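Visitor: coordinates only, sequence not included:
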């Protein structure tokens, strides 16, 4: 899994969902995406010329973790067109330069007047608010 927003360490959402013990932290990394501030949380949209930074986790029980994350992210596998986020596989570049495939939730709704986060790093962005 690749988390770039409020599912990263330091937030309480994974623990509240009961999945924190089913995720093993593997390190920081980046994906090819632009990151936007929606107010309460960020949105990533695929962008080949941008980087969004986040955390990579190994999932030990995908049959439990993925449905729990789908609920949090407003993703319905049966109705992807009307889902708030889409769960998609993406290439993640880890800090050591190696690549890995990970599940990522990309935003699937109009961005409106959401501001792009120039650094692509949500943690850095909220510290500067």
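Guide: Cool, the structure landed. Since this is a predicted model, take the numbers as computed values, not measurements.

Visitor: going forward, measure contacts and count neighbours with C-alpha atoms only.
Guide: Will do.

Visitor: mind checking how far residue 110 is from residue 30?
Guide: According to C-alpha to C-alpha, to the nearest Å, residue 110 and residue 30 sit 23 Å apart.

Visitor: Tell me which of those two has more neighbours.
Guide: Applying other C-alpha atoms under 10 Å to residue 110 and residue 30 shows that residue 30 carries more neighbours, namely 23 against 8.

Visitor: Kindly provide the distance from that one to residue 105.
Guide: From residue 30 to residue 105 the distance is 13 Å (C-alpha to C-alpha).

Visitor: So residue 16 lies in a strand, does it not?
Guide: No - counting by DSSP: H, G, I helix; E, B strand; the rest coil, residue 16 falls outside a strand, being helix.

Visitor: What is the burial count for it?
Guide: 9.

Visitor: And it, how close does it get to residue 85?
Guide: According to C-alpha to C-alpha, residue 16 stands 20 Å off from residue 85.

Visitor: Same question for residue 94.
Guide: Taken as C-alpha to C-alpha, the span from residue 94 to residue 85 is 23 Å.

Visitor: Contacts for the helix or strand bottoming out on mean pLDDT in the chain next, please.
Guide: Using mean pLDDT, DSSP states H and E, helix 13-17 stands out as the lowest-scoring helix or strand of the chain, at a mean of 85. Helix 13-17 is contacted from outside by 6, 7, 20, 68, using C-alpha atoms under 8 Å, 6 or more residues apart in numbering.

Visitor: Would you map the helices across the protein?
Guide: Under the criterion DSSP state H, the chain contains helices at 13-17, 62-73, 122-128.
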